[in-house]
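>>> return a 3D structure for these sequence lines:
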Amino acid sequence: MIDVPGERVVVREPLPSDEVPLLDLFEACEDWFVAATGLPSGPGDVQSLFYGLPEGADPDDKVLLVLERDGVVSGLVDAVRNHPVPGAVAVGLFLLAPWARGRGLGRALAESLLAHAEGVSLVTTSVPPGWRSGERFLERLGFTLGAEAPRAAEVGNRRAGPREGGVRRAELRPAP
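All right, here's what the predicted structure looks like:
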C-alpha cells in the first residue's frame, strides 16, 4: 500500500482475474498508446506484458505491478531489473488511467518504488516526444531527459509500428 491522502491505494502483482481490468485500463489510456505507437492498444498488448522482454534480459528479472485505487485497477508498471546493465532498472511502461492522473498517485508510486529499490544505480525509461505531462513527470522525479531518438526498427521485443515515432530516453541515478 502507498500513502496518498484521501485515497486507498494498493500496489500488487497482477492476477489472472486482472485481464479484463487491464484491457479496460489500456483502452482508457488510448491517448498514451497513440502518442507512443501511433495506434490505439489492442488485446495482444495486455497479453505481451507477461512475456515481453528487451533483448538480453532475464525473464526472472521481469516485474509487473498493478496499481489499484479504491479497488479499481488504475495503473500498471512494467519493469526489468538488471537491464540494460547489472544494478539498473528499465521501466518499459508506467501507465495511469486518465481519471487517476494529476492526483499524486503516479508520484507516490514512483517515489515508493524508488525508496524500496535497494542497490539500484540507474533507472531508465522513455517518453514519447511531445508527451509533455510525461516529460514533466519524469523531470519532477529527477530524471534527465535526452534528445529525441529516431524510430528504431524494433522496440523491446516487437517491431515498431508504421506510425510509431522516436522516443526521448530518460535516466535517473538514485543517490546511494
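
>>> neighbours of the closest residue to residue 36 other than its chain neighbours, just the number please.
Once flanking residues are discounted, residue 36 sits nearest to residue 128: 4.7 Å by C-beta to C-beta, 6 or more residues apart in numbering. Any C-beta I mention is one placed from the backbone N, CA and C, and that applies to glycine too. Residue 128 has 21 neighbouring residues, counting by other C-beta atoms under 10 Å.

>>> quick one: residue 128 from residue 32, how far?
Distance of residue 128 to residue 32, given as C-beta to C-beta, to the nearest Å: 8 Å.

>>> intersection of neighbour lists for the two?
Both residue 128 and residue 32 are contacted by residue 134, under the criterion C-beta atoms under 8 Å, 6 or more residues apart in numbering.

>>> all strands of the protein, in order?
If DSSP state E is used as the criterion, the strands of the chain fall at 2-4, 7-12, 62-69, 72-81, 88-96, 122-127, 144-149, 154-155, 158-159, 167-172.

>>> now those in JSON lines, with mean pLDDT and mean neighbour count?
Output for the strands of the chain, formatted as JSON lines (pLDDT from 0 to 100; neighbours: other C-beta atoms under 10 Å):
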{"stretch": "strand 2-4", "mean pLDDT": "68", "mean neighbour count": "15"}
{"stretch": "strand 7-12", "mean pLDDT": "86", "mean neighbour count": "14"}
{"stretch": "strand 62-69", "mean pLDDT": "94", "mean neighbour count": "18"}
{"stretch": "strand 72-81", "mean pLDDT": "95", "mean neighbour count": "21"}
{"stretch": "strand 88-96", "mean pLDDT": "94", "mean neighbour count": "21"}
{"stretch": "strand 122-127", "mean pLDDT": "93", "mean neighbour count": "21"}
{"stretch": "strand 144-149", "mean pLDDT": "86", "mean neighbour count": "13"}
{"stretch": "strand 154-155", "mean pLDDT": "54", "mean neighbour count": "14"}
{"stretch": "strand 158-159", "mean pLDDT": "56", "mean neighbour count": "12"}
{"stretch": "strand 167-172", "mean pLDDT": "91", "mean neighbour count": "18"}
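
>>> can you redo these as TSV with distance to residue 107?
Output for the strands of the chain, formatted as TSV (distance: least, C-beta to C-beta, whole Å):
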stretch	distance to residue 107
strand 2-4	9
strand 7-12	12
strand 62-69	12
strand 72-81	12
strand 88-96	10
strand 122-127	15
strand 144-149	17
strand 154-155	26
strand 158-159	29
strand 167-172	14
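
>>> fine, thanks again, bye for now.
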